[in-house]
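Peer 1: Model the following, please.
(chains A, B and C)
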Amino acid sequence: MRYWLMKSEPEAFGIDDLARVGREPWDGIRNYQARNFMRDDMRPGDLALFYHSNADPTGVAGIMRIAGEARPDPTAFDPEAKYYDPKSRQDAPRWYLVDVEFERKLGRIITLAELRTRPELADMPLLRKGNRLSILPVEPQHWQAILDLE
DNA sequence: GCCAACGTTGGC
DNA sequence: GCCAACGTTGGC
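Peer 2: Here you go, the predicted model:
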């Protein structure tokens, strides 16, 4: 089983929203690296940190479970959708999503600022300068170290 | 709201 | 294939 970190702006969709709906298609990803992680490397049962970006505070807010194999992102086909991409066609989908399930909300937000103070997390891709990827793999030892902060 | 970082697009 | 222009992400 692998571990992941997935970012969302809580103003659009946060951990409380996921707690309410239980399960959600993680749509709107329009970055090839992030897509490849979902399509090629994620498996049902994998766990992911739910990370609040562009938030106050920004940081890890909860845990969710990958609930199924990747499938084409239908919002890419919809001209009315915010993330419509005319280059993604039904017979040749360009963008994919995975469904995620709520696992639990953390007792508190583990902030980005706090993660940055931990030497054992220093080599996490999340903390590398300029990294904007919205889906990232997390090493098991980093996963454990983050949850130990809770 | 600003801006650094960085990915994508498209002209050549 | 290069690279300038442009758009987006996301921290602050």
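Peer 1: Give me the phi and psi for the nearest residue to residue A:121 once chain neighbours are set aside.
Peer 2: Distances taken as CB to CB, 6 or more residues apart in numbering place residue A:115 nearest to residue A:121, at 5.4 Å, with adjacent residues excluded. For glycine as for every other residue, the C-beta is placed from the backbone atoms N, C-alpha and C. Per-residue torsions, residue A:115: phi -60, psi -40 (degrees, to the nearest 10).
Peer 1: and residue A:115, what does it touch?
Peer 2: A:59-60, A:121, A:124, A:126-127, A:146, A:149 (CB atoms under 8 Å, 6 or more residues apart in numbering).
Peer 1: and residue A:33, helix, strand or coil?
Peer 2: helix (DSSP: H, G, I helix; E, B strand; the rest coil).
Peer 1: could the contacts of residue A:115 go into a markdown table alongside neighbour count?
Peer 2: Below are the contacts of residue A:115 laid out as a markdown table (neighbours: other CB atoms under 10 Å):
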| residue | neighbour count |
| --- | --- |
| A:59 | 20 |
| A:60 | 25 |
| A:121 | 19 |
| A:124 | 20 |
| A:126 | 20 |
| A:127 | 14 |
| A:146 | 24 |
| A:149 | 15 |
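Peer 1: Inside helices: which ones of the residues you listed?
Peer 2: Residues of the contacts of residue A:115 located in helices (DSSP state H): residue A:146.
Peer 1: In strands, which of the contacts of residue A:115 appear?
Peer 2: Here DSSP state E is the test, and the contacts of residue A:115 give A:59-60 as lying in strands.
Peer 1: so which of the contacts of residue A:115 are also by DNA strand C?
Peer 2: Among those, proximity to DNA strand C is found for none (CB under 7 Å from any atom of the strand).
Peer 1: any chance of the contacts of residue A:115 in TSV, with pLDDT too?
Peer 2: Conversion of these to TSV gives the following (pLDDT from 0 to 100):
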residue	pLDDT
A:59	96
A:60	97
A:121	95
A:124	93
A:126	94
A:127	93
A:146	96
A:149	94
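Peer 1: Would you tell me which strand is longest in chain A?
Peer 2: Chain A, longest strand under DSSP E: strand A:99-111.
Peer 1: same for it, what does it pack against?
Peer 2: Applying 3 or more CB pairs under 8 Å, 6 or more residues apart in numbering; DSSP states H and E, one finds that strand A:99-111 makes contact with helix A:15-21, strand A:23-25, strand A:47-52, strand A:59-66.
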